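Q: give me coordinates for this.
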Amino acid sequence: MLRFPLVVLTALLACTAAARAQDSPYVTHQERAIKALSEEETQSYLAGEGMGFALAAELNAYPGPRHVLQLADSLSLGPVRLDAVREIFQRMQQRAARLGKEIVGLEASLDSSFAERRITSRELGTVLTELGALRGELRYAHLAAHLEVAALMSEHEIHEYQRLRGYAEGHGAMHRPEGSHLTRVTPGPEEHVHETCSLRSGVGLRAGRRVRLQRGSGRLIVGMVSY
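A: Numbers count the residues shown, from 1 in each chain. Next comes the predicted model:
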């Protein structure tokens, strides 16, 4: 007598499981203010956070400014280079926050156009082109900051950064070709400091391009110098 109810119960459970299996993975996204962005993603864009945009640099031995500043005591870069890294970070974050605000605004506009069923193919193409360009600029801002910071550091300092960040030895190892160099000029009587480092490019350091830091009268100048 119990066999029939058990068969029915098994069938009901199977139907329920099948129905659940067909649920969209985006069900919980319906309540989002902007469907394509989580609240966390929105806040990260607005705050100018990294969001993984610089992984190609970070995981290939190009240190990021935020983490270099966090590890300042262990890396012992000195006040001049720390000022330079701080300036790089502030400039990057400000630019990233500005671009992030534009991205969030366009995503919100796109979401509204679909929600109100007034989107057109032409408008869609325009918005997506703008979004693609903004995301490209945003990624460039983050990656370029890693390039600038790496140019200020020696091989030893970059290896130490890798170690402190917990990266496996040999991953993203830096290779310096012959002819590249790192030169520092110590402060003179005029209290000007010049630090010159070869700019890392591609898989190593390219000789012939340098970064010059100059601090005097309370001012710090960071710029590229070719020779």
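
Q: can you tell me the average pLDDT over stretch 80-97?
A: Per-residue pLDDT over stretch 80-97 has a mean of 98.

Q: again but with stretch 57-73, I slipped
A: Over the span of stretch 57-73, the pLDDT mean works out to 97.

Q: quick one: buried residues of it?
A: Across stretch 57-73, burial judged by 16 or more other CB atoms under 10 Å covers 57-58, 61-69, 71-72. All C-beta atoms are positioned from the backbone trio N, CA, C, and that covers glycine.

Q: same question, stretch 34-45
A: Buried residues in stretch 34-45, counting neighbours by 16+ other CB under 10 Å, are found at 34-35, 37, 41-42, 44-45.

Q: what's the closest of those to Arg81?
A: Set against Arg81, the nearest of the buried residues of stretch 34-45 by CB to CB is Ser44 (27.8 Å).

Q: now that closest one. Nearest residue, chain neighbours left out?
A: Sequence neighbours aside, Met51 is the residue nearest to Ser44 in space, at 5.2 Å (criterion: CB to CB, 6 or more residues apart in numbering).

Q: for Glu160, same thing?
A: In space, and not counting its chain neighbours, Glu160 is closest to Leu75: 6.2 Å by CB to CB, 6+ apart.

Q: ok, Leu128 - how many residues close by?
A: Neighbours of Leu128 under the rule other CB atoms under 10 Å: 12.

Q: nope, Ala33 is what I was after
A: Using other CB under 10 Å, Ala33 has 12 neighbouring residues.

Q: of the buried residues of stretch 34-45, closest to Arg139?
A: Nearest to Arg139 among the buried residues of stretch 34-45: Tyr45, at 12.4 Å, using CB to CB.

Q: which element is encountered next along the chain beyond the host helix or strand of Glu102?
A: Using DSSP states H and E, Glu102 maps to helix 79-115. Sequence order places helix 121-151 as the next helix or strand after helix 79-115, per DSSP H and E.

Q: what mean pLDDT does the very next helix or strand once past that next one get?
A: Using DSSP H and E, the helix or strand that follows helix 121-151 in sequence is helix 155-164. The pLDDT scores in helix 155-164 average 97.

Q: can you offset everything so residue one is 305?
A: With 305 as the first residue, the last one maps to helix 459-468.
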